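Engineer: Need a 3D model of the sequence below.
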Amino acid sequence: MFMLWNEEDGLPASPDLFRTEEEARAYARAFRARYERQGYYLAADWRRIAPEDIRLVVLAADEP
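Structural biologist: Numbering: from 1, shown residues only. As a prediction, the model looks like this:
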């Protein structure tokens, strides 16, 4: 299982776990695409980040 970590805010980008790394990467692409129309992602510390620069990291998740 894999999780997607949002490095910008220091928290998971999704509450869900992904079965494969590719599923997590696909979610990351969709996550970034959500912010393309407004042109930026607003981080928790009020920084405006270009959607393509949002740092999302796929991590192996420990199984329960």
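
Engineer: Quote the end-to-end distance of stretch 39-50.
Structural biologist: End-to-end distance for stretch 39-50: 6 Å, by CA to CA, to the nearest Å.

Engineer: Buried ones in that stretch, by neighbour count?
Structural biologist: Applying a neighbour-count criterion of 16 or more other CB atoms under 10 Å, one finds 41, 43 buried in stretch 39-50. No exception for glycine: its C-beta is placed from N, CA and C like everyone else's.

Engineer: Next: stretch 18-37.
Structural biologist: Under the neighbour-count criterion of 16+ other CB under 10 Å, stretch 18-37 has 18, 23-24, 27-28, 31-32, 35 buried.

Engineer: And those residues, which is closest to E52?
Structural biologist: In terms of CB to CB, no member of the buried residues of stretch 18-37 lies closer to E52 than R32, at 6.4 Å.

Engineer: My guess is that closest one contacts L56. True?
Structural biologist: Yes. Using CB atoms under 8 Å, R32 makes contact with L56 at a distance of 7.5 Å.

Engineer: for R55, what are its contacts?
Structural biologist: By CB atoms under 8 Å, 6 or more residues apart in numbering, the contact set of R55 is 6-8.

Engineer: Okay, buried residues for stretch 48-63 please.
Structural biologist: Neighbour-count burial for stretch 48-63 flags 51, 54, 56, 58 (criterion: 16+ other CB under 10 Å).

Engineer: now the last one, nearest residue through space, not along the chain?
Structural biologist: Which is V58. Sequence neighbours aside, A24 is the residue nearest to V58 in space, at 4.4 Å (criterion: CB to CB, 6 or more residues apart in numbering).
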